[in-house]
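Enquirer: A structural model of the following input is requested.
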Amino acid sequence: MRADAERNVDAVLRTGARLLAADPGTSIATIAAAAGVDRRTVYRRFASREALCDAVLHTKLDAVDAVLDDARLDSAPVGVALHRFVEGIIAVARRYPIDLDQAHSDAESCARRRGQHERIAAFLQRAVDEGLIRTDLPEGMAEHLLKQIVGVLASKFRDHDPAHAADFAVNALLSGVGHNVQGDRLQLIAA
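Expert: Residues are numbered from 1 along each chain as shown. As a prediction, this is how the structure comes out:
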């Protein structure tokens, strides 16, 4: 694909992810106009609105897989892997804000998403086993908290670059957000 065609496809996918996240019924014409390309350009690459939606979904799944691989969740030190994962996933969430759990998907996409959840759950279990996350939390709570923290930082605090936002996310997940007053000092409550 030529460089300008690649840029157009990227613009369509990113714009599609943003607009479809806000309104799943967004038309190709609306996406094309917002991406700064002609509607015919979109239809040459994507035969239908559903094909565009599928491409957005698969592009985000590919990006999440790349983040999971780059974070080295199974081999890097837990704190390092967690920071890499969060930094990467915040960038992906900002680039493609469509929620994978809410997107219409085929069996392959569902299996890929399930595999991603399993990798994250296994990593968080490793964090529990290594003493970074409490052992008395209800099953799945750490994963749900991580998802919520990442979602808030990706969407509501866009002024923080992903690395800085990852600092907040890792600290919030591993140490909490409260303070415990002891004397004249504020001390972070350890989770």
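
Enquirer: phi, psi of the closest residue to His58 other than its chain neighbours?
Expert: Leaving out its chain neighbours, the residue that sits closest to His58 by CB to CB, 6 or more residues apart in numbering is Ser109, at 6.9 Å. Every residue, glycine included, has its C-beta placed from N, CA and C. The phi/psi pair for Ser109 (degrees, to the nearest 10) reads phi -60, psi -40.

Enquirer: Pull the contacting residues for Ser109.
Expert: 54, 57-58, 61, 103 (CB atoms under 8 Å, 6 or more residues apart in numbering).

Enquirer: where does it land on pLDDT?
Expert: Looking at Ser109, its pLDDT reads 85.

Enquirer: now do His179
Expert: Looking at His179, the pLDDT reads 53.

Enquirer: try Ile189
Expert: Confidence score, pLDDT, at Ile189: 40.

Enquirer: And the buried ones among the contacts of Ser109, selectable in ChimeraX?
Expert: A single ChimeraX command selects the buried members of the contacts of Ser109 (16 or more other CB atoms under 10 Å):
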select :54,57,58,61,103
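
Enquirer: for the closest residue to Val78 other than its chain neighbours, what are its contacts?
Expert: Once flanking residues are discounted, Val78 sits nearest to Ala127: 4.9 Å by CB to CB, 6+ apart. Contact analysis of Ala127 by CB under 8 Å, 6+ apart lists 78, 82, 133, 142.

Enquirer: any idea which of the residues you listed is closest to Asn171?
Expert: For these, the minimum distance to Asn171 (CB to CB) is 10.5 Å, reached by Leu82.

Enquirer: thought that closest one was touching Leu173?
Expert: Yes - here Leu82 reaches Leu173: they are 7.4 Å apart, a contact under CB atoms under 8 Å.

Enquirer: Give me the domain ranges for the chain.
Expert: What automatic domain parsing lists as the domains of the chain is 1-46, 57-188.

Enquirer: still on that earlier bit, closest to Ile89 among the contacts of Ala127?
Expert: Leu82 (10.5 Å).

Enquirer: Show the model's pLDDT score for the closest one.
Expert: pLDDT at Leu82 comes out at 95.

Enquirer: Find the residue closest to it in space, skipping its chain neighbours.
Expert: Val170 (5.5 Å).

Enquirer: The helix or strand hosting Ala5: what's the following helix or strand?
Expert: Here Ala5 sits within helix 3-22, counting by DSSP states H and E. Once the chain leaves helix 3-22, the next helix or strand it forms, by DSSP H and E, is helix 28-35.

Enquirer: which stretches of the protein form strands?
Expert: 179-182, 185-188 (DSSP state E).

Enquirer: any weak-confidence spans in the chain?
Expert: Low-confidence segments of the chain (pLDDT under 70): 1, 101-105, 177-191.

Enquirer: Number of residues surrounding the residue nearest to Leu82?
Expert: Residue neighbour count, defined by other CB atoms under 10 Å, stands at 20 for Val170.
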